[in-house]
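>>> one predicted model, sequence on top.
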Amino acid sequence: MKSNNLLLIILLFATIVMPAKAQIAVPHLYVEQDTCVEINEVVVTGLTGTTKMKYSPTPITVVNKATLRNQSSTNIIDAISRQPGITQVTTGGAISKPVIRGLGYNRVVVVNDGIRQEGQQWGDEHGIEIDAESVNSVEILKGPASLRYGSDAMAGVIIFHDAPQLNADGLKATVTTEYQTNNGLYDYSGALQKRQGDWFYGTRISQTRAHAYKNKYDHYVFGSQFLSNAFSANVGRHHDLGQSQLKLSAYHLTPSIVEGERDEYGQFETSENEYNPKSYVQKSLPYQKIIHFKAVLDNTFNIADGSLKAIVAYQQNRRKEYEEFDQAGLDLKLNTVNYDVHYHTPLLNEWQFVTGVGGMYQQSENKGSEYLIPDYGLFDIGLFATASRTFNQWTISGGLRADHRHLHVDGLIDEGNRRFSEFSRNINGYTGSVGFIYNITSRMNFRANTSRGFRSPNISELSSNGIHEGTARYEIGESKLKPEYSTQFDVGFDYSSYFISLQLSLFANHIDHFIFAKHIGQIFIGEAYRAYQYTQGDARLYGGEITLDMHPMKNLHFDNSFSFVNARLLHQPAESRWLPLTPAPRWNSDLKYEWPSVKLSKKASGVNLSGLFVGCGLECNLRQNHFYALDDTETETPSYTLIHASVGTDIMKGLNKLATFAIVGSNLTDKAYQSHLSRLKYADVNPVTKRRGVFNMGRNVSFKLTLFI
């Protein structure tokens, strides 16, 4: 830690002594040209449609394409996990689940192609089925967003945006490739966009392969290899009433699963006599096959000086989990129809109103020989209305929503025993929010918001009854669980100028009927399994994020952020008073120097470098001693600091961009560490070293290249 402390002192000293002469770029909003971007002018979709960030009463983080490009990651959630207040629950390199301010799983809604992504979010080892290369920017809404998105948006919403349409007739092609040294990851992605008159088209194909990753304690981690393939296409037309677009996509992921079992010599046990950890094609048991298909019809109609948005979509998620090579044990097929219709009224006496209806219909079937959850059908409908007004320096906004969910669970007799009981439930939820923003000056804002969140129990919590191989435990549901309700208060302050940007966001959240799995003993089915049953209690969370970004000299960026969450189960003994999977406090610090333009040719039409940068930084995760200790479910996680560096540029010919190139190094000191939210932390003890669990990835260098044709 001494070397890390020395680096921090150098960075702080540079900030103090260097003259402040340059314009500042606000965090996460860096654009690929020599200009100043201020938070007050950033446009976001927010909760009720397109608006400027300064008019949002809840905190929103925007991550653009340049930010995604200039870091190393193995999936799209990994790519955004260093943002303030955002973390991830991981199972190796392929599987990541987003966590917002200490809450994850079905408490976070993921929106892609304008609709909520519906896979198998309830599972510990279930990731997000989205092609990272298709993502152009990301909006992260922190705080209950049930007003707009209904059940499950208690912690917040992550919205993925694809590339914007061409604004003029023509054809655009891009080819992207990447290679990572640690796990041999290589991917490629090719995209075409065309516009001709009122019509526009697009298509993309991507593939990612990675062999087992390594670290200095475990060496190669058997079972961490994965393969993904993705395809998408769209066609649309601008017409007299607005715009209509059809999007089709398919995503196929085949990850092996790290179990961490070891022999007496401390070596990983595998299903193969001769396992090659650097093989891209060799599977190891257990492994999964996930196919996610989606079709979205997205329409915008201009009616009576207002805007009507109408989206209908179909999704099919097929998840197969293999314990034997030739036959899937767990095989789940989930069909979902999403619908969303809302109308933005024209201004009425300076008020903006949005009203709408949205929901989904789901049908889930078991196709395999093993069972964890029953077949079920679900229908959701929600009605909402919001209002907002800006006058003088004030913006006020709020709204109400009513949700109804009907759930029918099918019974099942398995080998003469009743595995699942048939039942139906109707669950209603009523939510709302009200907030305001006060623009103290054109650069300084104060915001406050109170909101009510709602989450219906998911099918696993209500009805699971079986061995969940991904978690190596027997899970038992409770059909009488009540829906969760949260009441959250947010306050924030932000200031941005040409020299400094400061954002402070604080929150306090109380959740009634918080659902969690409690250890109840062991069940013997061939071997002993730890048994967990879902139960409820009240929870309290508070914390926040602060970002401070400075320009101590021209073209030098010094970006810092700190995130903290305190999450407790109320009325519990000491061993079970902390919420499971609570992220550790984290400090990120990055120093980057940019050259706006480097001329390689004296000709105006020659080849030059634009936005050339070199950067370094650290990610410091503090000790997490607030953990769910009952029955050794979780353990304390020591602090660790990771060092990273990057360099990159745009290659220009005149005003045309030919390519972008970046080299990103992560964990450069090859630190052996375990993230507190890594599920592999609780794998078997190595009998030789006596270390428990599997460690995260060691030193990794990524090479990224995008060609514009």
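Received it, and whenever you're ready, just let me know what you need.

>>> what sits closest to Phe222 if chain neighbours are left out?
Among residues not flanking Phe222 along the chain, Phe268 sits closest, at 4.1 Å (CB to CB, 6 or more residues apart in numbering). C-beta: built from backbone N, CA, C; applies to glycine.

>>> equivalent analysis for Phe703, please.
In this structure, Phe703 finds its nearest non-sequential neighbour in Tyr179, 4.9 Å apart by CB to CB, 6+ apart.

>>> quick one, longest strand in this protein?
When the chain is parsed with DSSP state E, its longest strand is strand 500-525.

>>> elements contacting whatever helix or strand comes next after that strand?
Per DSSP states H and E, strand 500-525 leads on to strand 527-550 as the next helix or strand towards the C-terminus. Counting contacts by 3 or more CB pairs under 8 Å, 6 or more residues apart in numbering; DSSP states H and E, strand 527-550 is packed against helix 459-463, strand 473-476, strand 500-525, strand 556-569.

>>> which positions within the last one qualify as buried?
For strand 556-569, the buried set under the neighbour-count rule, 16 or more other CB atoms under 10 Å, comprises 556-565, 567-569.

>>> what mean pLDDT does the longest strand of the chain get?
Taken as a whole, strand 500-525 carries a mean pLDDT of 91.

>>> list the buried ones in that strand?
Buried residues in strand 500-525 (16+ other CB under 10 Å): 501-511, 513-519.

>>> same question, stretch 681-701
681-683, 686, 693-701.

>>> now the two most distant members of the residues you listed.
Using CB to CB, the buried residues of stretch 681-701 span at most 29.2 Å, a distance reached by Tyr682 and Val701.

>>> hmm, back to that, show me what the host helix or strand of the residue nearest to Phe703 is packed up against.
Following DSSP H and E, one finds Tyr179 within strand 170-180. For strand 170-180, the elements it packs on are strand 186-196, strand 700-708, judged by 3+ CB pairs under 8 Å, 6+ apart.

>>> picking up where we left off before, quick check, nearest of the buried residues of stretch 681-701 to Glu129?
Nearest to Glu129, judged by CB to CB, of the buried residues of stretch 681-701 is Met697 at 21.9 Å.

>>> for that closest one, give me its contacts.
Gly93, Asn182, Asn183, Tyr213, Lys214, Asn215, Ser666, Asn667 (CB atoms under 8 Å, 6 or more residues apart in numbering).

>>> low-confidence stretches in this protein?
1-41, 43, 45-50, 272-273, 469-471, 604 (pLDDT under 70).

>>> all helices of it, in order?
Counting by DSSP state H, the chain has helices at residues 2-17, 65-69, 76-80, 146-149, 459-463.

>>> tell me how far the shortest one lies from the chain's centre.
What that stands for is helix 146-149. The chain centroid and the centroid of helix 146-149 are separated by 18 Å under CA atoms, centre = their mean, to the nearest Å.

>>> give me the residues contacting it.
Counting by CB under 8 Å, 6+ apart, residues outside helix 146-149 touching it are 47-48, 109, 111, 116, 153-154, 157, 358, 384, 386, 399-401, 403, 429, 431-433, 451-455.

>>> out of those, which sit inside strands?
Residues of the contacts of helix 146-149 located in strands (DSSP E): 109, 111, 116, 157, 358, 384, 386, 399-401, 403, 429, 431-433, 451-455.

>>> residues near Pro277, how many?
Neighbourhood size, Pro277 [other CB atoms under 10 Å]: 21.

>>> dump the residue contacts of the closest residue to it other than its chain neighbours.
Spatial nearest neighbour of Pro277, chain neighbours left out: Tyr220 (3.5 Å); criterion: CB to CB, 6+ apart. If you count contacts by CB under 8 Å, 6+ apart, Tyr220 has them with Ala212, Tyr213, Lys214, Pro277, Lys278.

>>> out of the residues you listed, which end up buried?
Ala212, Tyr213, Lys214, Pro277.

>>> Ser496 against Thr441, yeah?
No. Ser496 lies out of contact with Thr441 (CB atoms under 8 Å); the separation is 10.5 Å.

>>> look at the two and report which has more neighbours.
Using other CB under 10 Å, the more surrounded residue of Ser496 and Thr441 is Ser496, with 27 against 9.

>>> run through the bridge partners of the more buried one.
Ser501 (DSSP bridges).

>>> okay, it and Met553: tell me how far apart.
Going from Ser496 to Met553 by CB to CB, to the nearest Å gives 18 Å.

>>> cool, and Gly170?
For Gly170, the distance to Met553 - CB to CB - is 40 Å.

>>> among these two, which residue is more densely surrounded?
Met553 (16 against 10).

>>> can you give me phi and psi for the more buried one?
Main-chain torsions, Met553, degrees, to the nearest 10: phi -160, psi 170.

>>> next up, the contacts around Asn449.
Shown in contact with Asn449 (CB under 8 Å, 6+ apart): Pro57, Thr58, Gly143, Ser433, Val434, Gly435, Phe436, Phe489, Asp490, Val491.

>>> at 10 Å what do you get?
56-59, 143-144, 397-398, 433-437, 488-492, 507 (CB atoms under 10 Å, 6 or more residues apart in numbering).

>>> which of those are buried?
56-59, 143-144, 397-398, 433-435, 437, 488-492, 507.

>>> picking that back up, give me the neighbour count for the residue nearest to Phe703.
13.

>>> so what pairs up with it in the strands?
If you apply DSSP bridges, the partners that Tyr179 bridges to are Tyr186, Phe703.

>>> contact partners for it?
Contacts of Tyr179 (CB under 10 Å, 6+ apart): Leu185, Tyr186, Asp187, Val701, Ser702, Phe703, Lys704, Leu705.

>>> could you measure the fourth one against Phe353, distance?
Between Val701 and Phe353 the distance, using CB to CB, works out to 52 Å.

>>> same check on the last one?
Leu705 sits 47 Å away from Phe353, taking CB to CB as the criterion.

>>> now the second one
Here the criterion is CB to CB. By it, Tyr186 lies 50 Å from Phe353.

>>> likewise the third one?
Here Asp187 is placed at a distance of 44 Å from Phe353 (CB to CB).
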